[in-house]
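Novice: this one's sequence-less:
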């Protein structure tokens, strides 16, 4: 056998061993629904057999961020599934290691690359899973460190030891790179992590409890973050977050988090008995990223929707041609040349729906895209709006105007802002 | 296995049957009933066959597009049937108008020619109308149906394999188009008297027969063969795909995301997210049990202060692992090197 074949067999043996061990631990009530390996990274889903019929549309993708973005020792695996009209994504990532500002930035870039390259949304590849998912979890060895900003590793190690001994985790959290990064919106904008009220999980001796090795400053490298789409955050509740100190075969202590999630189909839907009209106007963007080499962009806004049956008010001839060829053409504004702060003055875009129900999972996506005469247009940023919240009206109300000012994001990073007004009008059908 | 819908398959077969009957009539001695009957059978056969294919394929495309957007749609089989009936009614109206205004009937043409100083009268009897516009309309209608089928075949190229008929549909359209072109040439020769009536009738009859046979070989027979070969226990009673779970593909009420069967008594999903850097070492069962709750039990987890504890077992467990490969001992490596590749675990 060649070395490559031996490695294949080893890989299969490792996979089979892990699967058997997990099956033995969980019991026959569970079965594995996906098992993805990418180099040294793995992402497994196990589900109770009783909920299998509710799970659909499992999609898996991944991206490497090891050396040259080729090696799979670092990177991430994204898996998403639908459970009772709820799109849930899981990103297990292993980011760049080591301490210091340079490596911190590399980790932020890593997570951006993974979100950019590992998309699982079936409808369009214009958005990353952080935008398209109803709920998303990002977890695993993210490698963010405790960083005091000093060069004395011995002193820093001792400082962490003292804080851990006195169980002063609140102070320790102040020096955690990930807390700072989320607060500064350097990465994973909109995500949150629970408070680590436990000792750091790295780098520990391979024995019970938390005995730290002085090669590294003890850090919360193993993390769980989560984010819900607009209007759905109250349906996801974190109920547990803890390390597992009795895991003794690694220099990391594993972590686990428990969540209770209310599926979208259990939520009240909004029934439209008549015609619904949404008119978007006064659309303006600011601080967009440059899409062209001259530092400018030629932006336009595209409207896409999901889990709802909307239709544009008018379809241009070009859109009809596109529709004939690709099956679907999303409505869009005209593009404005050479600007990072476009304003579609006088332009309005109308979407309609008739006799339909708007469920909680119905999302309206706005993508700001740089128009290119040659090649494929580049997405500059996007935002997901909860349609249920937009159209919900008080009893007796048939029209309202909302003004919205939202962050645009792309791959977990800020990408400018978008403002618009939307006139919502409901014309009931008289029986 | 490509799923099929028996009623629509029956309609497609019925369409082919009508075409075959019409082509058989074509070879008989022309008279009004024969000419009109063959035209009715052939044109209605084409309409029913391609109409059923178009309606069914467009419904599948609509379903798949909606499922991508997670839109719940209801496809009513009766509405689909009505669309096919509407096609048939339109064609019936056309044929009725044709047969009344300018009957497609036996016409006799006499030609004189002299051979060895003897003058012969050649009588050519053929089915024809006074205006060629009627025949041109028939060709135009067939062409429209074929073009629509070609567009749908292209659009359905990304449909999941169980419902994907784009390949067979496309080949069937190409075959129909090939025979359509031959018919066009035959009609041209016939109209401009390069072919006499009996020869052109033979060519038309042969053309329609071969066309139907080839189309059935491409589109119908493989499905019947697959259905025959598939063991009873594997026959699709449930379709579990990205469309969600729906009962046998009846196209009556299809939910894109799971169906209303889930709307009642929906409980919270209890999710456990686990992460471990395995450290490139094989974990022991004891270590694994300290991380992944034994039996998936919620009670093994310490809940946050103020949180409502979960009860029972977790529904969904996501397990992320890093540095999750390891090399067995040297002895094991030698064993691996000396053995053939082991089969993948089920």
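Specialist: Cool, got the structure. Quick caveat, the model's predicted, so the values are computed rather than measured.
Novice: Residue A:136 belongs to a strand, doesn't it?
Specialist: Yes. Counting by DSSP: H, G, I helix; E, B strand; the rest coil, residue A:136 is part of a strand.
Novice: That one: what's its closest spatial neighbour, skipping adjacent residues?
Specialist: Spatial nearest neighbour of residue A:136, excluding adjacent residues (Cβ to Cβ, 6 or more residues apart in numbering or on different chains): residue A:89 at 4.4 Å. Yep, even glycine has a C-beta here, placed from its N, CA and C like the rest.
Novice: For the one you found, which residues are in contact?
Specialist: Counting by Cβ atoms under 8 Å, 6 or more residues apart in numbering or on different chains, residue A:89 touches A:78-80, A:120, A:129, A:132-133, A:135-137.
Novice: roughly how far apart are it and chain B?
Specialist: Residue A:89 sits 10 Å away from chain B, going by Cβ to the nearest Cβ, to the nearest Å.
Novice: ditto for residue A:344
Specialist: 25 Å.
Novice: Give me the pLDDT for that residue.
Specialist: pLDDT recorded at residue A:344 is 95.
Novice: May I see the domains of the chain written out as residue ranges?
Specialist: Unless you meant another one, I'm taking chain A. Annotated domains of chain A cover A:3-266, A:270-428 [automatic domain parsing].
Novice: nope, chain B
Specialist: B:6-106+B:132-241, B:271-338.
Novice: Where do the helices of the stretch 101-250 of chain B begin and end?
Specialist: B:133-155, B:166-191, B:197-215, B:221-229 (DSSP state H, counting those that start in this stretch).
Novice: Double-check that residue A:108 belongs to a helix.
Specialist: Yes. Counting by three-state DSSP, residue A:108 is found in a helix.
Novice: and it, how many neighbours does it have?
Specialist: The number of residues packed near residue A:108 is 21, by other Cβ atoms under 10 Å in any protein chain shown.
Novice: Can you add mean neighbour count and distance to residue A:94 and give the helices of the stretch 101-250 of chain B back as TSV?
Specialist: Below are the helices of the stretch 101-250 of chain B laid out as TSV (neighbours: other Cβ atoms under 10 Å in any protein chain shown; distance: least, Cβ to Cβ, whole Å):
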stretch	mean neighbour count	distance to residue A:94
helix B:133-155	17	40
helix B:166-191	17	40
helix B:197-215	19	54
helix B:221-229	12	44
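Novice: what bridges to residue A:242?
Specialist: Bridge pairing for residue A:242 (DSSP bridges) gives the partners residue A:256.
Novice: so it sits right up against residue A:224, yeah?
Specialist: No. If you go by Cβ atoms under 8 Å, residue A:242 and residue A:224 don't touch, sitting 10.3 Å apart.
Novice: Mind checking which of the two has more residues around it?
Specialist: Applying other Cβ under 10 Å to residue A:242 and residue A:224 shows that residue A:224 carries more neighbours, namely 23 against 19.
Novice: before we move on, the earlier item: please identify which of the helices of the stretch 101-250 of chain B is closest to chain A.
Specialist: Counting by Cβ to the nearest Cβ, chain A lies closest to helix B:133-155 out of the helices of the stretch 101-250 of chain B; the figure is 5.0 Å.
Novice: and of the helices of the stretch 101-250 of chain B, who's closest to residue B:55?
Specialist: helix B:133-155 (9.8 Å; Cβ to Cβ).
Novice: residues touching the residue in the stretch 51-200 of chain A positioned nearest to chain B, list them.
Specialist: Nearest residue of the stretch 51-200 of chain A to chain B: residue A:92, at 3.0 Å (Cβ to the nearest Cβ). Residue A:92 is in contact with A:41-43, A:76-77, A:139-140, B:275, B:318, B:320-322, counting by Cβ under 8 Å, 6+ apart.
Novice: that older thread, of the domains of chain A, flag the one that's most buried.
Specialist: Neighbour counts (mean count of other Cβ atoms under 10 Å in any protein chain shown) averaged over each of the domains of chain A peak at domain A:3-266, with a mean of 20.
Novice: Residue 274: which element?
Specialist: Since no chain was named, I'll use chain A. strand A:270-286 (DSSP states H and E).
Novice: Let me rephrase: I mean chain B.
Specialist: Taking DSSP H and E as the definition, residue B:274 sits inside strand B:269-277.
Novice: circling back to that earlier point, put together TSV for the helices of the stretch 101-250 of chain B, with distance to residue A:28 and mean pLDDT on each row.
Specialist: TSV is the format used below for these (distance: least, Cβ to Cβ, whole Å; pLDDT from 0 to 100):
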stretch	distance to residue A:28	mean pLDDT
helix B:133-155	44	86
helix B:166-191	41	83
helix B:197-215	50	86
helix B:221-229	33	71
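Novice: pLDDT score for residue 306?
Specialist: You didn't pick a chain, so chain A it is. Confidence score, pLDDT, at residue A:306: 88.
Novice: hmm, I had chain B in mind actually
Specialist: 90.
Novice: Are we agreed that it is in a strand?
Specialist: No. Counting by three-state DSSP, residue B:306 is not found in a strand; it is coil.
Novice: Compute the number of surrounding residues for it.
Specialist: Neighbour tally, residue B:306, other Cβ under 10 Å: 6.
Novice: circling back to that earlier point, what packs against the strand holding residue B:274?
Specialist: Contacts defined by 3 or more Cβ pairs under 8 Å, 6 or more residues apart in numbering or on different chains; DSSP states H and E place strand B:269-277 against strand A:86-94, strand A:135-141, strand A:222-228, strand A:255-261, strand B:316-322.
Novice: How about the third one and chain B, touching?
Specialist: Going back to what we said before, that points to strand A:222-228. Yes. Judged by Cβ under 8 Å from any Cβ of the partner chain, strand A:222-228 comes into contact with chain B at A:222-224.
Novice: Taking strand A:255-261 as reference, get the angle to that strand.
Specialist: When axes from the mean of the first three to the mean of the last three Cα atoms, to 10 degrees is applied, the directions of strand A:222-228 and strand A:255-261 differ by 20 degrees.
Novice: Please name the strands paired to strand A:222-228 in the sheet, noting orientation.
Specialist: Paired with strand A:222-228 in the same sheet, following DSSP bridges, are strand A:135-141 (antiparallel), strand A:192-193 (antiparallel).
Novice: what's the answer for the last one, then?
Specialist: As defined by DSSP bridges, the strand partners of strand B:316-322 come to strand A:41-48 (antiparallel), strand B:269-277 (parallel).
Novice: which one of the ones you listed lies closest to residue A:59?
Specialist: Across those, residue A:59 has its closest neighbour in strand A:41-48 (11.5 Å, Cβ to Cβ).
Novice: partner strands of whatever helix or strand residue A:414 lives in, parallel or antiparallel?
Specialist: Per DSSP H and E, residue A:414 falls inside strand A:413-428. Strand A:413-428 pairs in its sheet with strand A:270-286 (antiparallel), strand A:399-410 (antiparallel), by DSSP bridges.
Novice: Cheers, nothing more for now.
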